[in-house]
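>>> here you go, sequence then predicted model.
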Amino acid sequence: MTPEDLINRILYRDAMMLVINKPAGLAVHASGREDSHLGHFLAALSFGLPNPPQLAHRLDRDTSGCLVLGRHRQALKRLGQMFAAGQVEKVYWTLVVGAPDGEAGCIEAPLAKQGGHGSWRMMVDAKGQSAVTDWRLLGRGGRLSWLECRPRTGRTHQIRVHLASIGLPVAGDHIYGRGTATLAADRLNLHARAITLPVNIKTAPVAVTAPPPPHMLAALAACGWAEGQ
(Lines give C-alpha, C1' and ligand atoms only; values in the text may rest on other atoms or scores of the structure.)
Protein backbone atom coordinates (compact mmCIF):
# COMPACT_ATOMS: atom_id res chain seq x y z
CA MET A 1 0.00 0.00 0.00
CA THR A 2 1.20 3.51 -0.89
CA PRO A 3 -0.52 6.89 -0.48
CA GLU A 4 -1.18 6.86 -4.23
CA ASP A 5 -2.82 3.45 -3.95
CA LEU A 6 -5.15 4.79 -1.28
CA ILE A 7 -6.07 7.84 -3.36
CA ASN A 8 -7.00 5.50 -6.20
CA ARG A 9 -9.31 3.66 -3.81
CA ILE A 10 -11.51 6.67 -3.06
CA LEU A 11 -15.10 5.81 -3.93
CA TYR A 12 -16.73 9.05 -2.78
CA ARG A 13 -15.57 12.47 -1.62
CA ASP A 14 -17.30 15.64 -0.46
CA ALA A 15 -16.62 18.40 2.05
CA MET A 16 -17.74 16.21 4.95
CA MET A 17 -16.40 12.74 4.28
CA LEU A 18 -14.54 10.25 2.17
CA VAL A 19 -15.49 6.66 1.45
CA ILE A 20 -12.62 4.40 0.45
CA ASN A 21 -12.45 0.80 -0.72
CA LYS A 22 -10.27 -0.64 2.04
CA PRO A 23 -8.17 -3.58 0.86
CA ALA A 24 -8.30 -6.87 2.73
CA GLY A 25 -5.27 -7.32 4.98
CA LEU A 26 -4.84 -3.67 5.96
CA ALA A 27 -5.59 -2.86 9.61
CA VAL A 28 -7.45 0.39 10.21
CA HIS A 29 -5.44 1.30 13.30
CA ALA A 30 -2.30 0.27 15.15
CA SER A 31 -2.26 -2.87 17.27
CA GLY A 32 0.39 -4.95 18.94
CA ARG A 33 0.94 -7.14 15.88
CA GLU A 34 0.52 -4.61 13.04
CA ASP A 35 3.51 -2.79 11.57
CA SER A 36 1.46 -1.09 8.88
CA HIS A 37 -2.02 0.34 9.19
CA LEU A 38 -4.34 2.79 7.48
CA GLY A 39 -3.28 5.67 9.71
CA HIS A 40 0.12 5.77 8.02
CA PHE A 41 -1.49 6.87 4.76
CA LEU A 42 -4.30 9.22 5.78
CA ALA A 43 -2.26 12.40 5.36
CA ALA A 44 -2.46 11.82 1.60
CA LEU A 45 -6.24 12.23 1.86
CA SER A 46 -6.24 15.70 3.45
CA PHE A 47 -6.87 17.48 0.12
CA GLY A 48 -6.11 20.95 1.43
CA LEU A 49 -7.54 20.61 4.93
CA PRO A 50 -5.19 21.18 7.89
CA ASN A 51 -5.66 17.67 9.31
CA PRO A 52 -6.05 14.24 7.73
CA PRO A 53 -9.43 12.49 7.83
CA GLN A 54 -10.22 10.08 10.64
CA LEU A 55 -12.23 6.88 10.95
CA ALA A 56 -15.98 7.27 11.36
CA HIS A 57 -16.29 3.51 12.02
CA ARG A 58 -14.05 0.48 11.49
CA LEU A 59 -13.63 -2.68 9.49
CA ASP A 60 -11.69 -5.75 10.55
CA ARG A 61 -8.20 -6.05 9.07
CA ASP A 62 -9.20 -8.87 6.72
CA THR A 63 -12.53 -7.35 5.65
CA SER A 64 -12.48 -5.32 2.44
CA GLY A 65 -14.80 -2.63 1.15
CA CYS A 66 -16.58 0.60 2.06
CA LEU A 67 -14.94 2.51 4.91
CA VAL A 68 -16.12 6.00 5.88
CA LEU A 69 -13.72 8.74 6.99
CA GLY A 70 -14.73 12.09 8.46
CA ARG A 71 -12.77 15.02 7.07
CA HIS A 72 -12.99 17.31 10.12
CA ARG A 73 -14.15 17.32 13.75
CA GLN A 74 -17.71 18.45 13.08
CA ALA A 75 -18.08 15.83 10.35
CA LEU A 76 -16.82 13.08 12.65
CA LYS A 77 -19.34 14.10 15.30
CA ARG A 78 -22.23 14.03 12.82
CA LEU A 79 -21.13 10.71 11.32
CA GLY A 80 -20.70 9.22 14.79
CA GLN A 81 -24.27 10.21 15.63
CA MET A 82 -25.58 8.55 12.46
CA PHE A 83 -23.76 5.29 13.16
CA ALA A 84 -24.79 5.29 16.83
CA ALA A 85 -28.45 5.88 15.91
CA GLY A 86 -28.48 3.03 13.40
CA GLN A 87 -29.18 5.41 10.51
CA VAL A 88 -26.38 4.05 8.32
CA GLU A 89 -27.35 1.13 6.09
CA LYS A 90 -24.51 -1.36 5.55
CA VAL A 91 -24.54 -4.22 3.06
CA TYR A 92 -21.95 -7.00 3.11
CA TRP A 93 -21.23 -9.78 0.64
CA THR A 94 -19.78 -13.00 1.97
CA LEU A 95 -19.01 -16.53 0.83
CA VAL A 96 -19.91 -19.13 3.42
CA VAL A 97 -19.26 -22.85 3.64
CA GLY A 98 -22.49 -24.80 3.37
CA ALA A 99 -26.04 -24.14 2.23
CA PRO A 100 -28.52 -22.05 4.22
CA ASP A 101 -31.92 -23.32 5.21
CA GLY A 102 -34.09 -21.13 3.03
CA GLU A 103 -33.62 -18.06 0.88
CA ALA A 104 -33.39 -15.46 3.65
CA GLY A 105 -33.45 -15.12 7.39
CA CYS A 106 -32.63 -13.08 10.46
CA ILE A 107 -30.12 -13.99 13.17
CA GLU A 108 -30.81 -12.50 16.58
CA ALA A 109 -28.11 -13.55 19.03
CA PRO A 110 -26.40 -11.39 21.66
CA LEU A 111 -22.60 -11.27 21.52
CA ALA A 112 -19.91 -10.92 24.18
CA LYS A 113 -16.13 -10.79 24.13
CA GLN A 114 -14.41 -13.73 25.81
CA GLY A 115 -10.75 -14.23 26.60
CA GLY A 116 -7.90 -11.87 27.34
CA HIS A 117 -5.54 -9.67 25.37
CA GLY A 118 -4.15 -11.45 22.32
CA SER A 119 -6.45 -14.48 22.55
CA TRP A 120 -9.96 -13.04 22.69
CA ARG A 121 -12.92 -13.86 20.47
CA MET A 122 -16.57 -12.98 20.25
CA MET A 123 -19.15 -15.55 21.31
CA VAL A 124 -22.91 -15.87 21.36
CA ASP A 125 -23.80 -15.15 24.98
CA ALA A 126 -27.22 -14.52 26.48
CA LYS A 127 -25.64 -11.88 28.71
CA GLY A 128 -23.94 -10.09 25.83
CA GLN A 129 -24.96 -7.07 23.78
CA SER A 130 -27.92 -7.43 21.45
CA ALA A 131 -26.98 -8.16 17.84
CA VAL A 132 -29.15 -8.66 14.77
CA THR A 133 -28.14 -9.65 11.23
CA ASP A 134 -30.43 -10.07 8.23
CA TRP A 135 -29.18 -12.35 5.44
CA ARG A 136 -30.27 -13.28 1.93
CA LEU A 137 -29.03 -16.00 -0.41
CA LEU A 138 -27.68 -14.62 -3.70
CA GLY A 139 -26.17 -17.76 -5.24
CA ARG A 140 -24.48 -21.12 -4.74
CA GLY A 141 -21.48 -22.92 -6.20
CA GLY A 142 -20.02 -26.21 -4.95
CA ARG A 143 -19.57 -26.11 -1.19
CA LEU A 144 -19.97 -22.34 -1.03
CA SER A 145 -22.97 -20.04 -0.81
CA TRP A 146 -22.96 -16.34 -1.63
CA LEU A 147 -24.89 -14.28 0.91
CA GLU A 148 -25.87 -10.66 1.32
CA CYS A 149 -25.83 -9.60 4.97
CA ARG A 150 -27.31 -6.46 6.49
CA PRO A 151 -26.31 -5.98 10.13
CA ARG A 152 -28.79 -3.93 12.12
CA THR A 153 -26.24 -3.54 14.92
CA GLY A 154 -22.48 -3.03 14.75
CA ARG A 155 -20.86 -5.51 17.13
CA THR A 156 -17.28 -6.69 16.66
CA HIS A 157 -17.08 -9.71 14.30
CA GLN A 158 -20.89 -9.74 14.26
CA ILE A 159 -21.48 -11.24 10.81
CA ARG A 160 -18.71 -13.82 11.21
CA VAL A 161 -19.97 -15.06 14.59
CA HIS A 162 -23.63 -14.99 13.62
CA LEU A 163 -23.12 -17.00 10.44
CA ALA A 164 -20.87 -19.50 12.19
CA SER A 165 -23.54 -19.90 14.89
CA ILE A 166 -26.04 -21.21 12.31
CA GLY A 167 -23.52 -23.57 10.70
CA LEU A 168 -22.45 -21.28 7.84
CA PRO A 169 -18.91 -20.09 8.67
CA VAL A 170 -17.35 -17.48 6.40
CA ALA A 171 -14.89 -19.12 4.02
CA GLY A 172 -11.32 -18.28 4.95
CA ASP A 173 -12.16 -17.40 8.55
CA HIS A 174 -9.27 -18.63 10.69
CA ILE A 175 -11.01 -17.73 13.96
CA TYR A 176 -14.60 -18.87 13.56
CA GLY A 177 -14.30 -21.12 10.50
CA ARG A 178 -13.77 -24.46 12.27
CA GLY A 179 -11.47 -26.04 9.67
CA THR A 180 -12.85 -24.22 6.61
CA ALA A 181 -10.12 -21.60 6.39
CA THR A 182 -8.44 -23.21 3.38
CA LEU A 183 -11.49 -22.75 1.14
CA ALA A 184 -11.87 -19.85 -1.31
CA ALA A 185 -8.33 -18.50 -1.56
CA ASP A 186 -7.46 -19.03 2.12
CA ARG A 187 -8.47 -15.45 2.96
CA LEU A 188 -11.48 -14.06 4.73
CA ASN A 189 -14.32 -13.79 2.24
CA LEU A 190 -16.19 -10.85 3.74
CA HIS A 191 -16.66 -7.60 1.82
CA ALA A 192 -18.39 -4.36 2.84
CA ARG A 193 -20.23 -4.09 -0.46
CA ALA A 194 -22.26 -0.90 0.04
CA ILE A 195 -23.06 1.84 2.51
CA THR A 196 -25.82 4.45 2.57
CA LEU A 197 -25.71 7.55 4.77
CA PRO A 198 -28.61 10.02 5.24
CA VAL A 199 -26.32 13.02 5.45
CA ASN A 200 -28.92 15.75 5.01
CA ILE A 201 -32.72 15.61 5.17
CA LYS A 202 -32.86 18.06 2.25
CA THR A 203 -30.83 15.86 -0.09
CA ALA A 204 -30.83 12.25 -1.20
CA PRO A 205 -28.77 9.83 0.94
CA VAL A 206 -25.19 9.21 -0.09
CA ALA A 207 -25.00 5.65 -1.45
CA VAL A 208 -21.62 4.10 -2.23
CA THR A 209 -20.74 0.67 -3.63
CA ALA A 210 -17.34 -1.06 -3.59
CA PRO A 211 -16.31 -3.68 -6.19
CA PRO A 212 -15.49 -7.10 -4.70
CA PRO A 213 -11.82 -7.83 -3.98
CA PRO A 214 -9.69 -9.98 -6.32
CA HIS A 215 -9.48 -12.93 -3.93
CA MET A 216 -13.28 -13.35 -3.95
CA LEU A 217 -13.89 -13.05 -7.70
CA ALA A 218 -13.47 -16.68 -8.76
CA ALA A 219 -15.69 -18.06 -6.00
CA LEU A 220 -18.31 -15.37 -6.56
CA ALA A 221 -18.39 -16.23 -10.26
CA ALA A 222 -18.85 -19.91 -9.39
CA CYS A 223 -21.86 -18.85 -7.31
CA GLY A 224 -23.44 -16.94 -10.18
CA TRP A 225 -21.99 -13.44 -9.88
CA ALA A 226 -21.10 -11.61 -13.09
CA GLU A 227 -18.99 -8.47 -13.38
CA GLY A 228 -21.23 -5.43 -13.37
CA GLN A 229 -23.71 -6.80 -10.82
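Looks like it arrived, so ask away.

>>> so for the closest residue to residue 126 other than its chain neighbours, what's the pLDDT?
Of all residues not flanking residue 126 in the chain, residue 110 sits nearest, at 6.2 Å (C-beta to C-beta, 6 or more residues apart in numbering). For every residue, glycine as well, the C-beta is placed using N, CA and C. For residue 110, the model assigns a pLDDT of 97.

>>> surely residue 110 meets residue 129?
Yes: contact status for residue 110 versus residue 129: in contact at 5.9 Å, counting by C-beta atoms under 8 Å.

>>> quick check: mean pLDDT across the helix or strand containing residue 93?
Using DSSP states H and E, residue 93 sits within strand 89-97. Mean per-residue pLDDT for strand 89-97: 97.

>>> distance from the following helix or strand past it to the middle of the chain?
Helices and strands here follow DSSP H and E; after strand 89-97, the next one along the chain is strand 104-108. Chain-centre distance of strand 104-108: 18 Å, with C-alpha atoms, centre = their mean, to the nearest Å.

>>> SS state for residue 175?
coil (DSSP: H, G, I helix; E, B strand; the rest coil).

>>> excluding chain neighbours, what is closest to it?
That would be residue 121: by C-beta to C-beta, 6+ apart, it lies 5.9 Å from residue 175.

>>> what about the one you found, neighbour count?
13 (other C-beta atoms under 10 Å).

>>> centroid residue for the protein?
Geometric centre of the chain, nearest residue: residue 192, 3.9 Å, by C-alpha atoms, centre = their mean.
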